[in-house]
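Test case, fold it:
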Amino acid sequence: MCALVDESDAAQARAATREAERLRTQVFPDLRVGLLTGKMRPAEKTAIMREFRDGKLDVLVSTTVIEVGIDVPNATVMIVEDAERFGLAQLHQLRGRVGRGAHAGEFLLFADPRTPDGKERMAAILGTADGFALAEHDLRLRGEGQLLGQRQSGLPELRLASVVEDVALLEQARDDAAELVTADPHLALPEHAPLMRAVLHAFDRSWEWVSAG
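Modelled structure (predicted):
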């Protein structure tokens, strides 16, 4: 498993294309080595996976295109190069791709984490196989991003609460909001006028989409 498809001057990481060629010519010259990347056409990717599943390939070099939806019972070993470049959710998904048949799987990570976050991710994936715990850990590291928007990581827009740390408080706020909207769905009551102004200010151009929902 490689983080990159092709070589990049900006990223010091193994590329799938070069690694497949190295394994094919220098490491496993007597084995059948395949290559699978997201740049391939769908029919080509399907053919490669079929060959691997049917035992016509001994080694498959791939990018995260196999992260989900792949079931190859005879795949028992996965090696992830530059594992510090992958997110916890990705690593957990990849770990589930091996050991799905009668034999146990081996999931080997090669990493050189040089940042606190990278070291923490590696410690987390080694410390637990609980997907929910890893997702929560990933959320703490990456940030919640926008709850109503496209940004999937980074600092949250909440000023006084954290999605991870303040679950009970957020649940209470949700229940209070549901009760208020049930009683006054259009915030038309005089006492709700300040709240309506705050909502219009917060959603701005998105208000039409929110109100339609």
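
Residue 82 and residue 16 touch, don't they?
No. Applying C-beta atoms under 8 Å, one finds residue 82 not in contact with residue 16, separated by 11.2 Å. All C-beta atoms are positioned from the backbone trio N, CA, C, and that covers glycine.

can you list residues touching both of those two?
Here residue 82 and residue 16 have residue 2 as joint contacts, going by C-beta atoms under 8 Å, 6 or more residues apart in numbering.

Neighbour count: these two, which is higher?
The neighbour comparison of residue 82 against residue 16 (other C-beta atoms under 10 Å) goes to residue 16, with 23 against 20.

If I follow the layout properly, the more buried one ends up in contact with residue 4?
Yes. Counting by C-beta under 8 Å, residue 16 does reach residue 4; the two are 6.7 Å apart.

Quick one: find the helix or strand in the protein with the lowest mean pLDDT.
One helix or strand of the chain scores below all others by mean pLDDT, DSSP states H and E: helix 207-212, with a mean of 54.

and the end-to-end length of stretch 31-38?
Stretch 31-38 has an end-to-end distance of 23 Å (criterion: C-alpha to C-alpha, to the nearest Å).

how far out from the middle of the chain is it?
23 Å (C-alpha atoms, centre = their mean, to the nearest Å).

Go ahead and name everything in contact with it.
Contacts for stretch 31-38 (C-beta under 8 Å, 6+ apart): 5, 16-17, 20, 23-24, 45, 48-49, 51-52, 56-66.

at 7 Å what do you get?
5, 16-17, 20, 23-24, 45, 48-49, 51-52, 56-63, 65-66 (C-beta atoms under 7 Å, 6 or more residues apart in numbering).

which helix is the longest one in this protein?
Among the elements of the chain assigned as helix by DSSP state H, the one spanning the most residues is helix 167-183.

Which segments of the chain make up each domain?
Dividing the chain into domains by automatic domain parsing, as the record does, gives the ranges 16-142, 167-212.

tell me, which of those domains is the model least confident about?
With a mean of 80, domain 167-212 has the lowest mean pLDDT of the domains of the chain.

rewinding a little: skip ahead from the longest helix of the chain and say which helix or strand is next.
Proceeding N to C from helix 167-183, the next assigned helix or strand is helix 193-203, under DSSP states H and E.
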